[in-house]
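J.: quick check, what structure comes out for this input:
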Amino acid sequence: MSADKSSSWSYAEDLPAEDDVMLRARERSFELGVTPISPGVGAVLTVLAAASKAQTVVEVGSGAGVSGVCLLRGLSPQAVLTTIDVDVEHLKAAREAFLESGSPANRTRTISGRAADVLPRLTDSAYDLVFIDADKPNFPKYVEQAIRLLKSGGTLVINDALDKDRVSNPAARDSTTVVLRQIGKAIRDDDRLASAMLPTGDGLLVAVKK
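T.: Modelled structure (predicted):
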């Protein structure tokens, strides 16, 4: 990457302005040892939620609520966010962030459990947007479940899809990087989807179900 390109990426990442609600959610993330999405990724999530006019959203990996708040801020007042996490402390922090953001309790549904167990219980073709940001070894399972859950025209978003620049490096062969590389190619070649890889954050893979 040229110096100018790197500078432009950094500028784009730092451009979004975050309020005290987001800053406190980030602080809770660090206290819990959770890596939150970047401000740039958060801004993209808000835009995608708004542009898709999503009414029903599933989030795999609640963290401390940073990404959930970003999604909620792009959704209409009637939309509902379902967020899944195996760690009850993460869900507690996420609920605190949602409350501080002004979202009524009936706009969010927090589910404690392994996403591999929870996702199959959700209704087919009932969701407008699915955001995946947890447990990378199981991403292939989550992606297939997400495609099942999405309505036609629904949006799939996968965070950290470039795995801190390792996916683009053929010499990087660790298991997580290999899984993400395979997912990128599988989604690209899936006739059910139209997709694009965005360099935002550590990579956002975005796809729309045809």
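J.: give me the nearest residue to residue 151, chain neighbours excluded.
T.: Nearest in space to residue 151, with sequence neighbours left out and distances taken as Cβ to Cβ, 6 or more residues apart in numbering, is residue 125 at 5.2 Å. C-beta: built from backbone N, CA, C; applies to glycine.
J.: can you tell me the SS state at the one you found?
T.: Applying DSSP: H, G, I helix; E, B strand; the rest coil to residue 125 yields a three-state assignment of coil.
J.: where does the protein dip in pLDDT?
T.: Residue ranges of the chain with pLDDT under 70: 1-2.
J.: middle-most residue in it, spatially?
T.: Central residue of the chain (Cα atoms, centre = their mean): residue 131, 3.6 Å from the mean position.
J.: which residues are contacting stretch 14-27?
T.: Contacts with stretch 14-27, where a contact means Cβ atoms under 8 Å, 6 or more residues apart in numbering, come from 36, 39-40, 42-43, 64-66, 69-70, 93, 97, 100-101.
J.: just the ones in helices from those residues, please.
T.: 39-40, 42-43, 66, 69-70, 93, 97, 100 (DSSP state H).
J.: among these, which ones are buried?
T.: 39-40, 42-43, 66, 69-70, 93, 97, 100 (16 or more other Cβ atoms under 10 Å).
J.: looking at these, which one is closest to residue 185?
T.: Residue 185 lies nearest to residue 40 out of these, by Cβ to Cβ, at 24.3 Å.
J.: alpha carbons of the helix or strand containing residue 142, as PDB, please.
T.: Under the criterion of DSSP states H and E, residue 142 resides in helix 139-149. The C-alpha trace of helix 139-149 is given here as PDB (Å, rounded to 0.1, in the frame of the first residue of the first chain):
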ATOM      1  CA  PHE A 139     -17.900 -18.600  10.200                       C
ATOM      2  CA  PRO A 140     -18.700 -21.200   7.500                       C
ATOM      3  CA  LYS A 141     -21.600 -22.500   9.600                       C
ATOM      4  CA  TYR A 142     -22.800 -19.000  10.400                       C
ATOM      5  CA  VAL A 143     -22.700 -17.800   6.800                       C
ATOM      6  CA  GLU A 144     -24.800 -20.700   5.600                       C
ATOM      7  CA  GLN A 145     -27.300 -20.100   8.400                       C
ATOM      8  CA  ALA A 146     -27.300 -16.400   7.600                       C
ATOM      9  CA  ILE A 147     -28.200 -17.000   4.000                       C
ATOM     10  CA  ARG A 148     -31.100 -19.200   5.100                       C
ATOM     11  CA  LEU A 149     -32.300 -16.500   7.500                       C
END
